[in-house]
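Visitor: Pasting the sequence and the predicted model now:
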Amino acid sequence: MSPSLAAVATELKNLHLLIDADMRLAAAVGGVAHHLADVAGLEIAAVNRLQAAVIAACQEAFKQLTLPHPHLEINFARFPDRIEVVLSHEGEAASAAGVEAIVGPDRQRGGDSSAPGAFAGVDCVQYETHGGECVTRLTKYLGKVAPGT
């Protein structure tokens, strides 16, 4: 008897990417976010808004890349209650002004996902710097209301 191969379904829950400043790659990153949101069961409008927010975050991060540090690192994580997309790059610590320009000062730490702006597809936007590394975290909660609101 020969063993038969059985198909095994696997589900993407965590993914790590390292990309250059190329809009085609930003679109691919948005496609990953689209897939994660679709598989999580979000409505198509929410899926599309999340995809647009991730692409906008990549575009903003591309502006901060330098020749000595030309790469953008993206980590996707899917949890039972949320999807997180973390973008990070090395370089001089920039202020959160770039994020505020897109999101608005009242949305930097979250808000309702129906608000206008490029990041309307996420429930929380966090910006941090850690010893020369700039980190932007986009969080989309899968429930109707984000925790603590």
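Guide: Perfect, I can see it now.

Visitor: Please make it C-alpha for all contacts and neighbour counts, starting now.
Guide: Fine.

Visitor: And the longest helix seen in the chain, what does it pack against?
Guide: In the chain, taking DSSP state H as the definition, the longest helix is helix 44-62. Applying 3 or more CA pairs under 8 Å, 6 or more residues apart in numbering; DSSP states H and E, we find helix 44-62 packed against helix 23-39, strand 82-90, strand 133-141.

Visitor: could you redo the last one with a cut-off of 7 Å?
Guide: Under the contact definition 3 or more CA pairs under 7 Å, 6 or more residues apart in numbering; DSSP states H and E, helix 44-62 sits against helix 23-39.

Visitor: on that earlier part again, list the buried ones in the longest helix of the chain?
Guide: 46-59, 61-62 (16 or more other CA atoms under 10 Å).

Visitor: and the gap between Gly41 and Ala61?
Guide: Gly41 is 28 Å from Ala61, where distance means CA to CA, to the nearest Å.

Visitor: With Asn48 instead?
Guide: Remark: distance between Asn48 and Ala61 (CA to CA) = 20 Å.

Visitor: Stretch 66-84 spans what distance, first to last residue?
Guide: One end of stretch 66-84 sits 25 Å from the other (CA to CA).

Visitor: which outside residues touch that stretch?
Guide: Applying CA atoms under 7 Å, 6 or more residues apart in numbering, the contact partners of stretch 66-84 are 13-21, 65, 85-91, 137-143.

Visitor: Ranking helices and strands of the protein by mean pLDDT, which lands last?
Guide: helix 97-103 (a mean of 44; mean pLDDT, DSSP states H and E).

Visitor: I'd like to know how far the closest residue to Ala21 other than its chain neighbours sits from Cys134.
Guide: The shortest distance from Ala21 to any non-neighbouring residue, by CA to CA, 6 or more residues apart in numbering, is to Phe62 (5.3 Å). Counting by CA to CA, the gap from Phe62 to Cys134 is 12 Å.

Visitor: what's the answer for Gly117, then?
Guide: From Gly117 across to Cys134, the span is 22 Å (CA to CA).
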